[in-house]
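Engineer: The amino acid sequence is not available; the structure is as follows:
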C-alpha cells in the first residue's frame, strides 16, 4: 500500500541528520541514507503547565508536565480536579469531553469514572488507520486466550465499489468466550467501522452476535460482520500482533 503511494518505510533508528542543498539526509544505524525535502520529527507531547502555579496549590505533575489525577479526575489537591489533554489521558476530543464530565461530577460530590473499554482511535491518513480495544499482544498479556482473523479489503464490497481494495481489517476475540476484544484496520473508511466496534467491545458482544447482526450492504460497517463470519470458517488463525 505504501509502495503504491511512493512511500518507503525504513525500520531502523536514525543516528544523524544533515542539511543538503535540496533538503535533508538522515542516516540510520545500519548506514541507510534517506533523503527528503523536509524532516518531520515526532517525539511525543508534553503539557505546558509551568506557569499555572500548580506547586503552590499542591497539584503534582509527572515528568512531562501532565497533571496527576486518580480515576475520578481528582488531583493531588483533593479540592482540585483536572480534565482533558492536560490530565494525560488519550488525547481525543471525546475523551476530553468525558473526563470533563467526570471532573465536574466529582467536584459536585458525585464521583464517577471514565470507561475506556473499546476506546476508538482514528488517524485520518490515506488510507485511514483505526483501532478500538485490545491488540492481540496486549490481550495475551492480560491473560486472554486469543483468536484472530484478518480480512483483506479485497473481500469488502464497499472497498471494491470505491476501487480501492487495499488494506486489511483484523478482529481479535477471546477464544473461550468468543467476545470481541479488539478491532484494528488500515484501509479507506477504517474510521467508519470503529463505532460498531466500540459498541461490540463495550457491551461484550461475541463474534456470533456480530455475524448474525444486520449491516447495511455496501457500508464499511459490513466489514465487521464479514470478519466475524470468518471465525465460523476453517481458515487458519492469524498470529500477527
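Structural biologist: All right, it came through fine. Computed from a prediction, not measured in an experiment: that's the story for all the values here.

Engineer: all strands in this protein, in order from the N-terminus.
Structural biologist: Under the criterion DSSP state E, strands of the chain are mapped to 14-20, 23-28, 33-36, 120-123, 128-133, 146-152, 167-174, 180-187.

Engineer: what angle do the second one and strand 14-20 make?
Structural biologist: Pointing back at strand 23-28 there. Direction vectors for strand 23-28 and strand 14-20, defined by axes from the mean of the first three to the mean of the last three Cα atoms, to 10 degrees, enclose an angle of 160 degrees.

Engineer: what's near enough to touch residue 14?
Structural biologist: With contact taken as Cβ atoms under 8 Å, 6 or more residues apart in numbering, residue 14 is in contact with 26-28. Where you see a C-beta, it was placed from the backbone N, CA and C, and this is true even at glycine.

Engineer: Now neighbour count too, for these, in TSV please.
Structural biologist: Below are these laid out as TSV (neighbours: other Cβ atoms under 10 Å):
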residue	neighbour count
26	17
27	15
28	15
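
Engineer: Settle this for me: residue 34 is touching residue 20, isn't it.
Structural biologist: No - using Cβ atoms under 8 Å, residue 34 makes no contact with residue 20, being 11.5 Å away.

Engineer: thinking residue 118 is in contact with residue 198, fair?
Structural biologist: Yes - because the distance of 4.1 Å satisfies Cβ under 8 Å, residue 118 is recorded as touching residue 198.

Engineer: More neighbours: those two, which one.
Structural biologist: More neighbours sit around residue 118 than around the other of residue 118 and residue 198, counting by other Cβ atoms under 10 Å; the figures are 21 against 17.

Engineer: OK, contacts around the more buried one?
Structural biologist: Neighbours of residue 118 in contact, by Cβ under 8 Å, 6+ apart: 132-133, 197-202.

Engineer: Can you tell me the closest non-neighbouring residue to it?
Structural biologist: If you skip the residues right next to it in sequence, residue 118 has residue 201 as its closest partner in space, 3.3 Å away by Cβ to Cβ, 6 or more residues apart in numbering.

Engineer: Check the burial of the one you found by counting its neighbours.
Structural biologist: The tally of other residues near residue 201 (other Cβ under 10 Å) stands at 22.

Engineer: how about it, what does it touch?
Structural biologist: Contacts here follow Cβ under 8 Å, 6+ apart; on that basis residue 201 touches 117-118, 132-133, 180-183.

Engineer: okay, now the domains of the chain?
Structural biologist: Described in terms of automatic domain parsing, the domain architecture of the chain consists of the residue ranges 10-43, 54-107, 120-232.
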